[in-house]
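Novice: Dropping the sequence and predicted coords here.
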Amino acid sequence: MSKQSQLSEQSFTGNLLSNRDMIMNRIGHNSDVVVRDFYSDAMGTQVMIIYIHCLVDKGTINNQVIRALQQGQAHTPHQSAAADQGTNPKERLQQIIQLGRMNAVRTLAECIDEILSGQTALFTEGMEEAILLGTCSWKTRSIEEPVTESVVRGPREGFVEDLETNVSLLRRRIRNPDFSMINYHIGRQTRRNLVIVYLSNITNPLLVKEVQRRIELIDIDDAPESGFIEQLIEDNPWSPFPQIQNTERIDKVIASLLEGRVAILLDGTPFVLLAPVTFPMLLQAPEDYYDRWFVGSLIRMLRYLLVIAGLFLPSLYIALVSYHQGLIPSKLAISITSSREGVPFPTIIEALLMEITIEVLREAGIRLPKPIGQAVGIVGGLVIGQSAVQAGIVSPIMVIIVSFTAISSFAIPSYSVAIAIRILRFTMMVAASVLGLYGMVLALLLICSHVVKLKSFGVNYMGAFVHSKSSDWKDTFLRLPIFMMKRRPHFLRAKNQKRQS
Amino acid sequence: MVLENHFSEKFTTAQVASGVASTIFGAGIVTLPRSAGEAIGTPDVWMSLLFGGTICIALGIVCAKLCQRYPGLTFYDYSSQVTGKLIGSVLTICFVIYCLLVATYELRMNAEVVRHYLLQRTPIEFTTFCFMLISVYLVLGGLNPIVRLLELLLPVTTIVLFVVMLLGYRNFELENLRPLLSEGISPVLKGLHSTATPFIGFETILFFTAFMRTSRDASKAVVVGIAIPIMIYLCTLLIVIGTLSVQAVKTLTWPTIEVIRSIEFPGAFFTNFEILFITVWVIEMFTTFVVFYFLASLGMNQLFRTPIKYFHYGFFPVVYFLSFYPSNLDEAFQLGDIVGYLAMVFAGAIPLILLIISYLKDGSRVEK
């Protein structure tokens, strides 16, 4: 380790050969490293370029670098005069090479880092610096509609795996000098790029500082996906609830930045992290805002109902059937008992059986290719459900409840919230089977107690529901008309509260 | 952590108001009609309730004023400032015992109702244990999450309680509330203690004020915090007495729940409104229990300067076993009476005396 760090702190000498040896000692064992040594007419000296050929744009290197260096006189009108006066070789290079991005580094470590990210290092005889030329180029996936968050109405662009593309997508939509980026390298072995993005005139600086502090604490070999970052910087890793939002949608990120939140972009994944997040935010979908307000409001309320149904429905059934038959309305009680006739299991076993089956179907459907996945859904959902009822293993009402619950959890816009609800649903079911309705209330109180304790980057997880101004209520159950939402969410403590006037 | 200071929460006025209201809602709502009916005996209980509520509002303002004189300090701190260290410590210990008794009483009432209406065969030792486990989990987070929870749950519970009570209007007969003042005003006044005790919980303003963002709004918060229970209690009393008459109410253990059980709403498929009521009521019991449990631990923590979580754990067996001390329901109700008398001392007399002493000692010094 100490030997390596010694090596990295080395700085370049004026000697081409020794510079070449220094670099080749570190990366020369790879076949894709290209070293090109030649005499430059334009510079009047020997020059050397080093790059990794699969990371660079060959056309740029050939035309803008090598050709310019070898026969550059034509492009530089003052060159002969400059050469005679013996100007600084760096300035001369600026004139000769026709590239936008050039900068100089002195140490081996920095130089290697840049070569590995696709830049070309240029050395000239007698210069103690390496000039880095921006020649990076690689293949990226084209911009497509995000599969996980499609909308009926709204932009169809989603993020891709390439960080630069992602940043450019944001930049193009936010033409604002206050758009701020902080760069990090994550991963001791892989040095992936990570960018924190925020709007410096809106976001609370303390929030940015806290995000920075947590990111800086990360010391890991590699973070292949932003899920790693999420898990490393979240407030409470023991909680079932997601405390950082992730999205592939550009409009979501922009809306969050404008609310005063911070986005974290990681190279290699289309999923952008948004922090802080509150539970009500996770139940918002972009279309709530794109559709007219009462459509948005109704759908929003429906979604809250679905969360409640997804959480309580199976356990309510268990509690009522196994403990409080007297509380079921009599007509319904009759139909339930008649449908349960011949079912050999207690309700909890019946419910767990069906719930686990549906979880299995869901998991199987995700992994398989689409056409087969659909087949699994049909076979599983229809055939198993139907035959389980006919075989008398479960009651038809149970099947209805389980499938409705499953569908309602699909309707939750955030996948990670849906998973949390799924986990908690099982907790509720166990509680209901042990203590009936009372157990459900206690489990609900437990969840509420947990949720009021939970914070996401210092912001209450329940957002507008606790400790906030009444203006924040305009965007929770209801989505009031846009002209009424004049302020950013108060609980984010944005610098500048006013959104419109 | 950088953020904690900035985002550290002082309670808003709304939070304190809902905190006070949630703490007040507790066992009272199911026992009030019976205890008031027994104490007063005439259909004028609702007048007594209004009197009792008004007195509690006045006392609540006294508590708020007292606390405002010592910004940032809780009852445990300023009681020794006002009366000296020794008496202050004694007061603290007495208040802790009072809090523990309230918590115990609420716990037992909860267990009894759950046993009577929901889980006939489950031992109350188990239902109580689960209830306490969850309370301790919440309490360990400190006062801020507790108040957030109260704020989160109060709107839902209030609306449900209100709607369920209003649904009882069909069986309501005005005849049952007549005649007005048949035996004069004296029974109304005699029964005041029974209609004031359901408001136990407003003394929490003695503590909440210390953590408020704008502590000068403490009186406002406590008035609103008591006004909400007055509304609900009034509604409950009118409906319950109006449905059953005072004579019948006296004979029932849980008149409120019986009335709700009898609600039949024509055309509605759903007829068992007591599910909703008991669910919400358990939540309200939880909120009351948690606040008093926390205040008990806080008192010991202030007195002995030992980390508060030791007391949270330490009081668990104390409260748990204490709640089984009354061997039957009658003794449990007697515990409730004792708690009611203690409340008169701790929520009424002591703050008033402290306020007077404080005025005499420091004059009307500027309230920050």
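Specialist: Yep, that arrived.

Novice: Contact partners for A:Ser403?
Specialist: A:Ile358, A:Gly381, A:Gly385 (C-beta atoms under 8 Å, 6 or more residues apart in numbering or on different chains). Using the backbone N, CA and C atoms, a C-beta is placed for each residue, glycine as well.

Novice: what number of residues lie near the residue nearest to B:Leu150 when sequence neighbours are not counted?
Specialist: Closest residue in space to B:Leu150, ignoring its immediate chain neighbours: B:Ser22 at 4.0 Å, by C-beta to C-beta, 6 or more residues apart in numbering or on different chains. Residues contacting B:Ser22 under the criterion other C-beta atoms under 10 Å in any protein chain shown number 31.

Novice: Get me the contact residues on the stretch 151-300 of chain B for chain A.
Specialist: For the stretch 151-300 of chain B, the residues in contact with chain A (C-beta under 8 Å from any C-beta of the partner chain) are B:151-153, B:269-272, B:274-275, B:278-279, B:282-283, B:286.

Novice: quick one: which two of those residues are the most distant?
Specialist: Spanning the widest gap among those are B:Glu151 and B:Phe269, at 33.0 Å by C-beta to C-beta.

Novice: who has more neighbours, those two?
Specialist: Comparing B:Glu151 with B:Phe269 by neighbour count (other C-beta under 10 Å), the higher total belongs to B:Glu151, at 25 against 8.

Novice: packing partners for the strand or helix carrying the more buried one?
Specialist: Assigning secondary structure by DSSP states H and E places B:Glu151 in helix B:143-167. Applying 3 or more C-beta pairs under 8 Å, 6 or more residues apart in numbering or on different chains; DSSP states H and E, one finds that helix B:143-167 contacts helix A:415-453, helix B:13-24, helix B:124-139, helix B:218-251, helix B:273-304.

Novice: most tightly surrounded among those?
Specialist: helix B:13-24 (a mean of 27; mean count of other C-beta atoms under 10 Å in any protein chain shown).

Novice: which non-adjacent residue is nearest A:Ser501?
Specialist: Per C-beta to C-beta, 6+ apart, closest to A:Ser501 is A:Lys486, 6.8 Å.

Novice: next one: A:Met43
Specialist: A:Met43 sits nearest to A:Thr124 (C-beta to C-beta, 6+ apart), 5.9 Å away.

Novice: I'd assumed A:Pro89 was in contact with that neighbour.
Specialist: Yes - counting by C-beta atoms under 8 Å, A:Thr124 does reach A:Pro89; the two are 5.5 Å apart.

Novice: average pLDDT across stretch A:71-85?
Specialist: Per-residue pLDDT values over stretch A:71-85 give a mean of 52.

Novice: I meant to write stretch A:108-128 there.
Specialist: Stretch A:108-128 comes out at a mean pLDDT of 87.

Novice: ok so, going back, now the common contact residues for A:Thr124 and A:Pro89.
Specialist: A:Met43, A:Thr45.

Novice: so how far is A:Gly158 from A:Ile328?
Specialist: 47 Å (C-beta to C-beta, to the nearest Å).

Novice: meant to ask about B:Val290, not that
Specialist: For B:Val290, the distance to A:Gly158 equals 45 Å [C-beta to C-beta].

Novice: again with A:Leu232
Specialist: Taken as C-beta to C-beta, the span from A:Leu232 to A:Gly158 is 24 Å.

Novice: what are the phi and psi angles of A:Ser11?
Specialist: phi -120, psi 160 (degrees, to the nearest 10).

Novice: Pretty sure it sits against A:Leu108.
Specialist: Yes - if you go by C-beta under 8 Å, A:Ser11 and A:Leu108 touch, sitting 6.9 Å apart.

Novice: Which one of the two is surrounded by more residues?
Specialist: Taking neighbours as other C-beta under 10 Å, A:Ser11 and A:Leu108 compare with A:Leu108 leading, 20 against 16.

Novice: Can you tell me the closest non-neighbouring residue to the more buried one?
Specialist: A:Gln10 is the one closest to A:Leu108 (C-beta to C-beta, 6+ apart), at 4.6 Å.

Novice: which ones are touching whichever residue of the stretch 251-400 of chain A sits closest to chain B?
Specialist: Closest contact between the stretch 251-400 of chain A and chain B, by C-beta to the nearest C-beta, is at A:Leu327 (4.5 Å). Counting by C-beta under 8 Å, 6+ apart, A:Leu327 touches A:Leu320, A:Leu437, B:Asn272, B:Glu274, B:Ile275.

Novice: Now pLDDT too, for those, in TSV please.
Specialist: Formatted as TSV, these follow (pLDDT from 0 to 100):
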residue	pLDDT
A:Leu320	89
A:Leu437	90
B:Asn272	77
B:Glu274	81
B:Ile275	80
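
Novice: I'd like those residues laid out as JSON lines, including distance to A:Trp138.
Specialist: Shown next, in JSON lines, are the contacts of A:Leu327 (distance: C-beta to C-beta, whole Å):
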{"residue": "A:Leu320", "distance to A:Trp138": "60"}
{"residue": "A:Leu437", "distance to A:Trp138": "59"}
{"residue": "B:Asn272", "distance to A:Trp138": "66"}
{"residue": "B:Glu274", "distance to A:Trp138": "67"}
{"residue": "B:Ile275", "distance to A:Trp138": "62"}
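
Novice: tell me the mean pLDDT for stretch A:282-291?
Specialist: For stretch A:282-291, the mean confidence score works out to 90.

Novice: sorry, back to before: select, out of the helices and strands packed on helix B:143-167, the one closest to A:Met24.
Specialist: Among the helices and strands packed on helix B:143-167, if distance is taken as C-beta to C-beta, the winner is helix A:415-453, at 46.8 Å.

Novice: hmm, back to that, next step: the contacts of A:Ser403 restricted to helices.
Specialist: Mapping these onto helices (DSSP state H) picks out A:Ile358, A:Gly385.

Novice: Of all the contacts of A:Ser403, the one with the weakest confidence?
Specialist: A:Gly381 (77).

Novice: Identify the residues contacting the residue nearest to that one when sequence neighbours are not counted.
Specialist: Of all residues not flanking A:Gly381 in the chain, A:Leu361 sits nearest, at 6.6 Å (C-beta to C-beta, 6+ apart). Counting by C-beta under 8 Å, 6+ apart, A:Leu361 touches A:Val376, A:Gly377, A:Gly380, A:Gly381, A:Ile384.

Novice: A:Leu361: which element?
Specialist: A:Leu361 is located in helix A:347-367, with elements delineated by DSSP H and E.
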